[in-house]
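**Q** from the sequence below, what's the structure:
(chains A and B)
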Amino acid sequence: DAKTTQPNSMESNEEEPVHLPCNHSTISGTDYIHWYRQLPSQGPEYVIHGLTSNVNNRMASLAIAEDRKSSTLILHRATLRDAAVYYCILRDDQTGANNLFFGTGTRLTVIP
Amino acid sequence: DTEVTQTPKHLVMGMTNKKSLKCEQHMGHRAMYWYKQKAKKPPELMFVYSYEKLSINESVPSRFSPECPNSSLLNLHLHALQPEDSALYLCASGSDVYNSPLHFGNGTRLTVT
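**A** A predicted model of the protein is given here:
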């Protein structure tokens, strides 16, 4: 699986937007970009995923660069509940294996 | 609350004990996973079951023995563990739909003494 690079940590003020970057310069044409987050004392939870176009859902937005070598997870209004480790993961299901390999992630701190 | 239930939440065992971790889901998912997570580290994939058959073993030592008795249940049998095996063990499930999300339980925190 291709590798992703994320900052170790970021801080955001409550009720402000947060932009979490991810670099994936070796992404292949069939890799999907997935984001998961892990709140303290919980298992990871799915946030969003996309291939080429920007994606929106109730939790977040995903902005994908035109060359697909980077992407940004956008939380429109950070709350204290958004404090978590955010993982950017590339998934290629061409092999039929629906697996998920986690990188080191970004620890987001939300300041009240 | 998650749709993947793991029991027990906490487990302390000695190095000579035999114990089992259990995972259950009723979402009709046909893929189930075990991950191991050490403190401040990302989850590491251990095993994948697809349609109740072991499809991936990420070179996990034989003291960890997975079992998938039916499509809703996943067990991890533990025997002769070492203190360095102390970790959070996470179970996940997923459908066979292309790129569908995985659903994780909240894990079993295992301490080996």
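**Q** could you export the helix or strand bottoming out on mean pLDDT in chain B as CSV, CA atoms only?
**A** In chain B, the helix or strand scored least confidently by mean pLDDT, DSSP states H and E is strand B:53-57, which has a mean of 91. C-alpha atoms of strand B:53-57 as CSV (Å, rounded to 0.1, in the frame of the first residue of the first chain):
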residue,chain,number,x,y,z
LYS,B,53,-12.1,-18.2,6.1
LEU,B,54,-8.8,-16.8,7.2
SER,B,55,-7.6,-14.7,4.3
ILE,B,56,-4.7,-12.7,5.8
ASN,B,57,-2.3,-13.4,8.6
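**Q** could you identify the helix or strand that succeeds it?
**A** Downstream of strand B:53-57, the first helix or strand assigned by DSSP states H and E is strand B:64-70.
**Q** just to revisit the earlier point, helices or strands up against the least confident helix or strand of chain B?
**A** Packed against strand B:53-57, as judged by 3 or more C-beta pairs under 8 Å, 6 or more residues apart in numbering or on different chains; DSSP states H and E, are the following elements: strand B:44-50, strand B:64-70. For every residue, glycine as well, the C-beta is placed using N, CA and C.
**Q** anything in the first one near chain A?
**A** Yes. Contact between strand B:44-50 and chain A is present through B:Glu44, B:Leu45, B:Val48, B:Ser50 (criterion: C-beta under 8 Å from any C-beta of the partner chain).
**Q** give the contact list for the second one.
**A** So the one you mean is B:Leu45. The contact partners of B:Leu45, by C-beta atoms under 8 Å, 6 or more residues apart in numbering or on different chains, come to A:Asn99, A:Leu100, A:Phe101, B:Tyr33, B:Trp34, B:Tyr35, B:Ile56, B:Glu58.
**Q** for the least confident helix or strand of chain B, the distance to its chain's centre please.
**A** The gap between where strand B:53-57 is centred and where its chain is centred comes out at 13 Å by C-alpha atoms, centre = their mean, to the nearest Å.
**Q** which bits of chain B sit near chain A?
**A** Residues of chain B found near chain A, taking C-beta under 8 Å from any C-beta as the criterion, are B:2, B:4, B:31, B:33, B:42-45, B:48, B:50, B:55-56, B:90, B:92, B:94, B:96, B:98-107.
**Q** middle-most residue in chain B, spatially?
**A** By C-alpha atoms, centre = their mean, the mean C-alpha position of chain B lies nearest to B:Trp34, the distance being 3.1 Å.
**Q** assumed that residue was part of a strand.
**A** Yes. B:Trp34 sits within a strand when classified using DSSP: H, G, I helix; E, B strand; the rest coil.
**Q** tell me how far it lies from chain A.
**A** Look at B:Trp34 and chain A: by C-beta to the nearest C-beta, to the nearest Å, they are 12 Å apart.
**Q** quick one: A:Arg81 is in a helix?
**A** Yes. If the criterion is three-state DSSP, then A:Arg81 is within a helix.
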